[in-house]
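Novice: Predicted structure and sequence below. I'll ask about it afterward.
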Amino acid sequence: YLRSKYKRAALPPKYSLELLTIYAWEMGTESSENFNLDEGFVAVMELLRDYQDICVYWTKPVILDPADPTNNLGSKSGWDLVAKEASKCLRQACCQTEDPSGGWDVPRARHVRVTVKQTERETWSLLADPYSRISKMKAEIRRKNDILGELRLSFQEPQGDRQLLSNQKTLSDYGIFSKVTVRVLETFPPEIQVFVKDSSGQSKPYAIDPDATIYDLKMKIEDAGGLYTQDQVLLLEDEELEDYCSLEELQIKDCDTIQLSR
């Protein structure tokens, strides 16, 4: 219908609609073979209308385009036209139901599996709505890990720097829609959080007083299972940090990244 109406417009590929239909069925009916077709149609139209909020992925192998198996269908043009027509469709009498609450409950994104790591604590995982605030996830972690101080959460993208997760933001704000590992750090005033990145590119957060010395930080790294203090070389912007200098003297701020070398 859309291709005949918008003959010159670039529209999303047909199989993107098929994927959304499958997703609506999986999530709205728990993959049941018995379902209401009218409710399913409305659910798919609502997904098309709200396309900007959707992030759907499959963890099992589903190769749709052999030339580009990781193709991001959401990056294609024409979704605004599809959403416009879906909105019109939803206003039709055939899409109106006496009990709107009886329709399919289809989330706009799958829940994200978050692996929670904290030094000297058992690693565990939780499921989080990517559109819920980080503060909600923090509350669950605080209860589980029995945290009394300030709770700091951070994550690291592959080949990227570690980033702090802000209370008022959501996982979606950081582009996180699939599984992710977060590091938990508990701080007490006046402690700050610093990230120490090793030669492999992996970084860990540490809580430390700004008046503490670089040697104190090295001791924390060793105590956490890292290199012995005598084997550590800490660098900031390619400059080696002297053991006797304090973080405050070196103007090292909260969430700064320090390089660890042998």
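Specialist: Good, I have the coordinates.
Novice: can I get the CA coordinates of stretch 233-242 in PDB?
Specialist: Presented in PDB, the C-alpha positions along stretch 233-242 are these (Å, rounded to 0.1, in the frame of the first residue of the first chain):
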ATOM      1  CA  VAL A 233      54.000   2.800  36.500                       C
ATOM      2  CA  LEU A 234      51.100   5.200  36.500                       C
ATOM      3  CA  LEU A 235      50.700   7.800  33.800                       C
ATOM      4  CA  LEU A 236      48.500  10.800  33.200                       C
ATOM      5  CA  GLU A 237      48.600  12.200  29.700                       C
ATOM      6  CA  ASP A 238      51.800  10.200  29.100                       C
ATOM      7  CA  GLU A 239      53.500  11.800  32.100                       C
ATOM      8  CA  GLU A 240      54.700   9.400  34.800                       C
ATOM      9  CA  LEU A 241      53.200  10.100  38.200                       C
ATOM     10  CA  GLU A 242      55.600  10.300  41.200                       C
END
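Novice: average pLDDT for that stretch?
Specialist: The average pLDDT within stretch 233-242 is 95.
Novice: which residues sit against it?
Specialist: 196, 214, 217-218, 250, 252, 256, 258-262 (CB atoms under 8 Å, 6 or more residues apart in numbering). Placement of C-beta: from N, CA and C, glycine included.
Novice: Give the PyMOL command for selecting the buried subset of these.
Specialist: In PyMOL, this line selects whichever of the contacts of stretch 233-242 come out buried by 16 or more other CB atoms under 10 Å:
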select buried, resi 196+214+217+218+250+252+256+258+259+260
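Novice: Output the contacts of stretch 233-242 in CSV, with secondary structure and distance to Leu153 appended to each entry.
Specialist: Shown next, in CSV, are the contacts of stretch 233-242 (DSSP: H, G, I helix; E, B strand; the rest coil; distance: CB to CB, whole Å):
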residue, secondary structure, distance to Leu153
Val196, strand, 17
Ile214, helix, 25
Leu217, helix, 21
Lys218, helix, 25
Leu250, coil, 25
Ile252, coil, 20
Asp256, coil, 17
Ile258, strand, 19
Gln259, strand, 22
Leu260, strand, 22
Ser261, strand, 27
Arg262, coil, 29
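Novice: For Glu85, what are phi and psi?
Specialist: The phi and psi values for Glu85, taken as degrees, to the nearest 10, are phi -70, psi -30.
Novice: Also Asp50?
Specialist: phi -100, psi 30.
Novice: what's the burial count for it?
Specialist: Using other CB atoms under 10 Å, the number of residues around Asp50 comes to 14.
Novice: shouldn't it be in contact with Pro107?
Specialist: No. Asp50 is beyond contact range of Pro107, at 10.9 Å (criterion: CB atoms under 8 Å).
Novice: I'd like to know how far Ser125 sits from Lys144.
Specialist: Counting by CB to CB, to the nearest Å, the separation of Ser125 from Lys144 is 11 Å.
Novice: I meant Ile176, not that one.
Specialist: 20 Å.
Novice: more crowded one of these two?
Specialist: Between Ile176 and Lys144, Ile176 has the larger neighbour count (other CB under 10 Å), namely 19 against 15.
Novice: Contact partners for the nearest residue to Thr229 once chain neighbours are set aside?
Specialist: In this structure, Thr229 finds its nearest non-sequential neighbour in Lys218, 4.3 Å apart by CB to CB, 6 or more residues apart in numbering. By CB under 8 Å, 6+ apart, the contact list for Lys218 reads 229, 232, 234, 243.
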